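Q: Sequence first, predicted coordinates after that:
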Amino acid sequence: MTDIDPALWEDYLVRTRWFAAKGRPFRVTTSRVLAEMAGGDGRPVVSIHLVSVAYDDDEGGGETYQVPLSAYPETQERLAHAHVGLAHSERGTLHLYDAVHDADAMALWLDAFVDAEDGGVAEVGGLRFHRVPNGGALDPALRSSPMTGEQSNSSARFDDTAIMKLFRKVTRGVNPDVEIHDELTRGGSEHIAALYGWVEATIDGEVVQLAMLQEFLRTAADGFELATGSIRTLLADPEQELVGSGGDFAGEAARLGAALADVHAMLRSRFPAERRGADAATALAETMSARLERVLLTAPELEPYAERLRALYGSVAQAGGLDVQRIHGDLHLGQTLRTAHGWRIVDFEGEPGRPIAERALPDSPWRDVAGMLRSFDYAVGVVAMAAAGSSDDDDARRTDLARQWAERARTHFVEAYVDALLGDADGDDRPDSDGATRRLLLDAYVADKAVYEVLYEKRNRPAWVSIPLAAVAEVAGT
Ligand SMILES: Nc1ncnc2c1ncn2[C@@H]1O[C@H](COP(=O)(O)OP(=O)(O)O)[C@@H](O)[C@H]1O
Ligand SMILES: O=P(O)(O)O[C@H]1O[C@H](CO)[C@@H](O[C@H]2O[C@H](CO)[C@@H](O)[C@H](O)[C@H]2O)[C@H](O)[C@H]1O
């Protein structure tokens, strides 16, 4: 494959969901072909490109993205929606498509995983395909289809058997999603999708992990869809009482809280975890304050709440200590799936905006708990936004019911989490489980997440900024 014109990459990147730079000025600095998998038998040649971008704004910085392309000498009507552009090679003009959408291309990944066999490794075109011992059996006849949800990465499922997530932002070293899934799979966690394998390569002597293969959860329903569905059910009949109605989410929220506590307990036992001293609380407060000051530059609408938030973070600095362990790091309802066998948590990659090395550091589990609390609030906010404009006499009652829904979901989630935490076999009182510290940390993490979301929404879904802004106003007590 010959080099691809930077203008083609720039035009393509802004059309994708996974490109993080929405609205920021950027340029493609380099692109290179990392690996190439030969086609044949009606399959395309697939080349895996690494495309680096630099940002031309005050924030600066840059990222490298993985872009696998399938190349055909003729245009492919079936892939029109995934067309990337044209390239010129010694083989003539090639029509390039996003390989994740191309079942004939994804078959090359599947074949390589099949060749790796249980617990083994296969090398194909510069990539290493690893299979975990006792992972699922893989049939080479499985057919892939791309997942269609809003994603930071790109996934394709192989029928009902497995799902492969291709990491879009590429960083050197172990990917936290692979690392955590590997440990939790070995530990036999019931609340994740088991890891089947992963793909990696070596660049300048360092490992980069490019994709992850997991159990496909056939009966899964997205947690955020379930929550918004439950609110819609509730509001459809504003006469009804929440408790005991079909729209009450308290039971699901409690089961989710217990599932998170179980995952946290296993993470505590399989990764470093410790009680840190006063310095850790001060450092946490500084990190939260630094985020606030950074986001204020782009979101001046946060200014009226800034003083109160600084005071809240100031109290965190006085907390005296902090229990830390490996956590999820970007937990929200969209990272949870309700299956016939209970809740599962997915996507342990951490917060997409943070450097990968930072995401693997031990952190407070209350960050995850707060992430879920924010998500209950989002579910209510999204339903309210969809209903805006259509007003009737029951509006006040609906607002009240939605508020009750969020309150019950929050309370049941946290109570079940804390109950499971305190009932943990180790019997000690970690992490930060005294009530006052917990409430302080939860408030601060909720505020910090809402501040993060203000920036996230401004860049990705400007119409949604009002949801986290309202949360900031609430936590700032204004
Ligand atoms: N093991 C799985 N089985 C079924 N669906 C899954 C599985 N893992 C993820 N999904 C679906 O794919 C979506 C995106 O997965 P996720 O890991 O969150 O990707 P990203 O890192 O791109 O955000 C999830 O919200 C879920 O709907
Ligand atoms: O799932 P990702 O790792 O890509 O997380 C990013 O995108 C999320 C949106 O898809 C974003 O989550 C925010 O919106 C959700 C509703 O769509 C809501 O449930 C979350 O509470 C809210 O934070 C997440 O913040 C971002 O990192």
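A: It's in. Ligands and ions are numbered 1, 2, ... in the order given.

Q: Now for residue 117, how many residues are close by?
A: Counted with other C-beta atoms under 10 Å, the neighbours of residue 117 add up to 11. Using the backbone N, CA and C atoms, a C-beta is placed for each residue, glycine as well.

Q: before we move on, what about residue 361?
A: Neighbour tally, residue 361, other C-beta under 10 Å: 13.

Q: same thing with residue 339?
A: 14.

Q: Point out where the stretch 301-450 of the chain drops to low pLDDT.
A: Low-confidence segments of the stretch 301-450 of the chain (pLDDT under 70): 389-391, 393, 424-433.

Q: now the nearest residue to residue 138 once chain neighbours are set aside: how far from ligand 1?
A: Residue nearest to residue 138 in three dimensions, not counting chain neighbours: residue 114, with 5.0 Å by C-beta to C-beta, 6 or more residues apart in numbering. Remark: distance between residue 114 and ligand 1 (C-beta to the nearest ligand atom, to the nearest Å) = 19 Å.

Q: send the alpha carbons of the helix or strand containing residue 114 over as CSV?
A: Following DSSP states H and E, one finds residue 114 within helix 103-116. Extracted C-alpha coordinates of helix 103-116, given in CSV (Å, rounded to 0.1, in the frame of the first residue of the first chain):
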residue,chain,number,x,y,z
ALA,A,103,-17.0,-8.8,6.8
ASP,A,104,-14.6,-10.1,4.1
ALA,A,105,-11.8,-8.1,5.8
MET,A,106,-12.8,-9.0,9.4
ALA,A,107,-12.6,-12.7,8.4
LEU,A,108,-8.8,-12.2,8.3
TRP,A,109,-8.7,-11.3,12.0
LEU,A,110,-11.0,-14.3,12.8
ASP,A,111,-8.8,-16.7,10.8
ALA,A,112,-5.7,-15.5,12.7
PHE,A,113,-7.4,-16.0,16.1
VAL,A,114,-8.5,-19.4,15.0
ASP,A,115,-4.9,-20.2,13.9
ALA,A,116,-3.6,-19.1,17.3
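
Q: which helices and strands does the helix or strand that contains residue 183 pack with?
A: If you go by DSSP H and E, residue 183 is part of helix 176-186. With contacts defined as 3 or more C-beta pairs under 8 Å, 6 or more residues apart in numbering; DSSP states H and E, helix 176-186 has these neighbours: strand 195-203, strand 206-215, helix 250-270.

Q: Any chance of those in JSON lines with mean neighbour count, distance to ligand 2 and mean pLDDT as columns?
A: Formatted as JSON lines, the helices and strands packed on helix 176-186 follow (neighbours: other C-beta atoms under 10 Å; distance: least, C-beta to the nearest ligand atom, whole Å; pLDDT from 0 to 100):
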{"stretch": "strand 195-203", "mean neighbour count": "22", "distance to ligand 2": "18", "mean pLDDT": "96"}
{"stretch": "strand 206-215", "mean neighbour count": "22", "distance to ligand 2": "14", "mean pLDDT": "96"}
{"stretch": "helix 250-270", "mean neighbour count": "21", "distance to ligand 2": "13", "mean pLDDT": "97"}
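
Q: can these go into JSON lines with extra columns for distance to residue 435?
A: Listed next are the helices and strands packed on helix 176-186 as JSON lines, based on distance: least, C-beta to C-beta, whole Å:
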{"stretch": "strand 195-203", "distance to residue 435": "37"}
{"stretch": "strand 206-215", "distance to residue 435": "37"}
{"stretch": "helix 250-270", "distance to residue 435": "16"}
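
Q: Give the next helix or strand downstream of the helix holding residue 114.
A: Trace forward from helix 103-116 with DSSP H and E and the next one is strand 121-124.

Q: Pull out the buried positions in that following strand.
A: Of all the residues in strand 121-124, those buried under the rule 16 or more other C-beta atoms under 10 Å are 122, 124.

Q: From the chain's centroid, how far away is that strand?
A: Averaged C-alpha coordinates place strand 121-124 at 28 Å from its chain's average position (C-alpha atoms, centre = their mean, to the nearest Å).
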